[in-house]
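Visitor: Only the shape, not the letters, is given here:
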């Protein structure tokens, strides 16, 4: 198989060699047994008749021959990827014995071919130049159009003399054509030579070896090889490197694809070669050596790695770092407060198939009796088909009302919860709000949970000691209050009062800290 790169200038330093340009490479077709795009972008061609033939090095099945009747390679599935605005460069090798109008590269609107960018060879291609040999043209709009070309009586420069290298540059100022590493003088015959390429309002056809104009035509009678498309203008040095490209035997390396969950860095490792060069998705060199660690990635990203064997650089291996999203995991609703004496609670999560775990959990059941009083955490973990896992947690409070000694008094210790149902002056059934007062398991704090506190706007909670002194008072404007036992001053009897928005005491309850 032919390979992508070649050394043109080999100096003492590894980084000193001149290589085939990859910056801005949109697509590359070495035609080594198929019409696949070897740039890593996957813009594979579909054959309509061409057959494999020998390339310029004599390697069999390494180029495509076209019969001049109805053969072409079509890339219409990816036409939008080739329809970018200039600058652009097209590099290819062509061989033909026939001095007739032939199309080698065509991007068009796919209907009437009124709008197009293309490259043709042979005499009388347009009928506007004398002894036309190579023609390039573009029409983006009805007025933005041009045809330019090279004319010569020396037909041996291209016709019936074997393989020849052709490069056409579109730089938005002028079109330039190189033939066998030589810049050609051009004549403009139609419109203004403004170097436009692509950028068609409607792009429908992308073809090698023919064009589309109310049907396929302009068929190539010859062979094509090593077609490269760039979204930039090649330099003379890069054109020379393409022209001097030789057959490379460096083996293609192998590198591991990696999958990440939710994002991260990925260690990549190459093997099967001598020295390795890493490229990003734009084919810009970013590292060398057998390993490369990516930056932090949040989306799937493509890299390439090649093998330099001391003489030339191989075709790239494509390395894909797939970033899979974390699954969306939830615990289906359960009560925030669960009585320690209640029956086990059935747990369920979304998506199904995850695992519950935590204190008091057996399978999908939560048994508060086995947890003890206070706050406990219920966890649910789920792993999806990509191996990505996520865990969510739900905190519940296990309480016990067995410490109540009379209808309005409760002994507060680490085992008790006081429940106060406050009747609100709003329309039922939402006219009752439940306030819970319970001790912290550390015996350092008293917790007041105000329930649906937003329904108690401008209500106040107040705690007084047996002498009528206020030890705590606050508007009910948040869901949790945490009061240090030190703020009470001592253990003993206290009164909890709920005061409405006009100053009336709506309920009084007694608590005894012991």
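Guide: The structure has been received and is ready for your questions. Being a predicted model, the structure only gives us computed values, none of them experimental.

Visitor: Any stretches of the protein with poor pLDDT?
Guide: Along the chain, the model assigns pLDDT under 70 to residues 1-18, 401-416, 425-430, 439-444, 491, 514.

Visitor: Angles on the backbone of the residue most central in space within it, please.
Guide: Residue closest to the average C-alpha location in the chain (CA atoms, centre = their mean): residue 299, at 3.2 Å. Phi and psi for residue 299, reported as degrees, to the nearest 10, are phi -140, psi 160.

Visitor: Quick one: neighbours of the nearest residue to it once chain neighbours are set aside, just the number.
Guide: Of all residues not flanking residue 299 in the chain, residue 323 sits nearest, at 5.5 Å (CB to CB, 6 or more residues apart in numbering). (Each C-beta comes from the backbone N, C-alpha and C, glycine too.) By other CB atoms under 10 Å, 18 other residues sit near residue 323.

Visitor: List the residues that contact residue 323.
Guide: 259-264, 297-301 (CB atoms under 8 Å, 6 or more residues apart in numbering).

Visitor: Repeat that for residue 294.
Guide: 265-268, 301, 303, 321.

Visitor: Over to residue 197?
Guide: By CB under 8 Å, 6+ apart, residue 197 lies in contact with 84-88, 107, 117, 138, 170.

Visitor: What segments of the stretch 51-200 of the chain are helices?
Guide: 79-82 (DSSP state H, counting those that start in this stretch).

Visitor: Please disregard the earlier target; I meant the chain.
Guide: Assigned by DSSP state H, the helices in the chain fall at 79-82, 236-243.

Visitor: Show me what counts as buried in the first one.
Guide: Read that as helix 79-82. Neighbour-count burial for helix 79-82, with 16 or more other CB atoms under 10 Å as criterion, is recorded at 79, 81-82.

Visitor: between those, which is closest to residue 54?
Guide: Within those, proximity to residue 54 (CB to CB) peaks at residue 82, which comes in at 27.5 Å.

Visitor: beta partners for the residue nearest to the closest one when sequence neighbours are not counted?
Guide: Among residues not flanking residue 82 along the chain, residue 206 sits closest, at 5.1 Å (CB to CB, 6+ apart). Beta-bridge partners of residue 206, counted by DSSP bridges, are residue 107.

Visitor: what's the spacing between residue 206 and residue 27?
Guide: Counting by CB to CB, to the nearest Å, the separation of residue 206 from residue 27 is 10 Å.

Visitor: what do you get for residue 348?
Guide: The value you get for residue 348 to residue 27, if CB to CB is used, is 51 Å.

Visitor: ok, those two, which is more surrounded?
Guide: residue 27 (23 against 14).

Visitor: give the contact list for that one.
Guide: Residue 27 neighbours (CB under 8 Å, 6+ apart): 37, 39, 41, 43, 78, 81-82, 227-229.

Visitor: let's see it at 6 Å
Guide: Residues counted as contacts of residue 27 (CB atoms under 6 Å, 6 or more residues apart in numbering) are 37, 39, 43, 229.

Visitor: Just give me the closest of the residues you listed to residue 253.
Guide: Using CB to CB, residue 39 comes nearest to residue 253 of the contacts of residue 27, at 16.5 Å.

Visitor: residues contacting that closest one?
Guide: Per CB under 6 Å, 6+ apart, neighbours of residue 39: 25, 27-28.

Visitor: Need those residues in a markdown table (columns: distance to residue 420).
Guide: Below are those laid out as a markdown table (distance: CB to CB, whole Å):
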| residue | distance to residue 420 |
| --- | --- |
| 25 | 73 |
| 27 | 74 |
| 28 | 76 |
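
Visitor: is it true that residue 462 touches residue 496?
Guide: No: contact criterion CB atoms under 6 Å: residue 462 and residue 496 do not qualify, at 7.6 Å.

Visitor: Between these two, tell me which one has more neighbours.
Guide: residue 496 (22 against 16).

Visitor: So that one versus residue 175, what's the distance?
Guide: From residue 496 over to residue 175 the distance is 88 Å, taken as CB to CB.

Visitor: Could I get the buried residue list for stretch 54-73?
Guide: Here stretch 54-73 shows 55-56, 62-66, 68, 71-73 as buried, counting by 16+ other CB under 10 Å.

Visitor: Please read the previous query as pertaining to stretch 505-514.
Guide: So for stretch 505-514, counting by 16+ other CB under 10 Å, buried means 509-513.

Visitor: ditto for stretch 30-49
Guide: Buried, per 16+ other CB under 10 Å, within stretch 30-49: 30-32, 35-41, 43-45, 49.

Visitor: doesn't residue 258 make contact with residue 266?
Guide: Yes: counting by CB under 6 Å, residue 266 touches residue 258, with 4.2 Å between them.
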